[in-house]
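[1] just coords:
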């Protein structure tokens, strides 16, 4: 009975923890806006904000799809630009969806209800709204062109270049020797190039079989006390490039001066492979690493 009671209460407490406790605040907000008084109600009555409210259902429809794409391609980029582009893409797509899909469909449903004959009609728009639509189209077209052409293919390296890199004074030393991740890829070289604004970390990989570079590289930044403090995962390839077996390719990771100051080691793994987002097992000298990640020490920081 105790087990049954706990199981029955779990959904209730989950709902209260994640949503239910803020329900009274939302109810109060609805009451305040329904009274339509005060400076806040007047501010929200501005035409632009009212129109944003009208397209809010379209925002609800598209934001999750774009968020999934953003998470897979842009979430590991720091700064204000990626999230600004995401928000602008959501608003532009929602505006176009509202004008060319939602409004005509609503008009068709209403006309069919009245006359049994659906009338598809795009709403009449003021000149400034038409200007916004044109800007939306230009922005989305530019964004699609950037996504398709703006990212170069995987940075491939030759064996000679890889050997030259390995002879450079390296600041990255693997604690486990050469690392292999599943039967897919191995990490054959790593080095750190210091810059005034921080450093560039180069990771050189070799494919063990023909494959698409799907999934993510897990990059954990750890302190001198081996404490995890930051995660910098990134997509292995922008368009999941198909590489033949034996291909050498290189990743370039930018570390800020603050990250470099706090980082004594990096932990590298690969995850997100297949539909189950599995993590590839990591091996060093045929021995599996306990956390499926290889540790790279930054000797210069010690």
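    Nice, thanks for sending it over. Being a predicted model, the structure only gives us computed values, none of them experimental.
[2] looking at the chain, which helix is longest?
    If you go by DSSP state H, the chain has its longest helix at helix 127-149.
[3] now the element after it, going C-ward?
    The C-terminal neighbour of helix 127-149 among helices and strands, as given by DSSP states H and E, is strand 155-156.
[4] buried ones in the longest helix of the chain?
    132-133, 136, 139-140, 143 (16 or more other CB atoms under 10 Å). Just so you know, the C-beta spots here come from the backbone N, C-alpha and C atoms, and that holds for glycine as well.
[5] check the offset of it from the chain's centre.
    On the basis of CA atoms, centre = their mean, to the nearest Å, helix 127-149 sits 22 Å off its chain's mean C-alpha point.
[6] so which of the buried residues of helix 127-149 is the closest to residue 259?
    residue 143 (28.5 Å; CB to CB).
[7] which ones are touching that closest one?
    Residue 143 makes contacts with 85, 89, as judged by CB atoms under 8 Å, 6 or more residues apart in numbering.
[8] the longest helix of the chain - what's its average pLDDT?
    Mean pLDDT, taken over the full extent of helix 127-149, equals 87.
[9] repeat for stretch 274-283
    The model assigns stretch 274-283 a mean pLDDT of 86.
[10] got the contact list for that stretch?
    Under CB under 8 Å, 6+ apart, the answer for stretch 274-283 is 179-182, 184-185, 214-215, 218, 269-273, 288-289, 291-294.
[11] please apply the same query to stretch 86-99.
    52, 54-59, 61-63, 66-67, 70, 74, 122-123, 125, 132-133, 135-137, 139-140, 143.
[12] returning to what we had before: out of the buried residues of helix 127-149, who's nearest residue 104?
    Nearest to residue 104 among those is residue 133, at 14.1 Å by CB to CB.
[13] residue 36 versus that closest one, what's the distance?
    Distance, residue 133 to residue 36, by CB to CB, to the nearest Å: 30 Å.
[14] which parts of stretch 196-207 count as buried, going by neighbours?
    Applying 16+ other CB under 10 Å to stretch 196-207 flags 199, 201-207 as buried.
[15] state the mean pLDDT of whatever helix or strand residue 42 lives in.
    Assigned by DSSP H and E, residue 42 belongs to helix 38-44. Helix 38-44 shows a mean pLDDT of 79 in the predicted model.
[16] what comes up buried for it?
    Of the residues in helix 38-44, none count as buried by neighbour count, 16+ other CB under 10 Å.
[17] after it, next one along is what?
    helix 47-54.
[18] got the angle between that next one and helix 127-149?
    Relative orientation of helix 47-54 versus helix 127-149 (axes from the mean of the first three to the mean of the last three CA atoms, to 10 degrees): 60 degrees.
[19] low-confidence stretches in this protein?
    Along the chain, the parts satisfying pLDDT under 70 run over 1-9, 75-78, 150-153, 160-177, 299-302.
[20] helix/strand/coil for the residue nearest the centre of it?
    The residue lying closest to the centre of the chain (CA atoms, centre = their mean) is residue 71, at 1.9 Å. In three-state terms, and counting by DSSP: H, G, I helix; E, B strand; the rest coil, residue 71 is helix.
[21] how much space separates it from residue 24?
    Going from residue 71 to residue 24 by CB to CB gives 31 Å.
[22] all the helices of the stretch 51-200 of the chain, residue numbers only.
    Under the criterion DSSP state H, counting those that start in this stretch, the stretch 51-200 of the chain carries helices at the ranges 56-73, 80-97, 103-115, 127-149, 159-167.
[23] domain assignment for this protein?
    As given by automatic domain parsing, the domain ranges for the chain are 2-149, 155-301.
[24] out of these, indicate the one that is most buried.
    domain 155-301 (a mean of 16; mean count of other CB atoms under 10 Å).
[25] now do that one: distance to the chain's middle.
    That offset, for domain 155-301, works out to 19 Å (CA atoms, centre = their mean).
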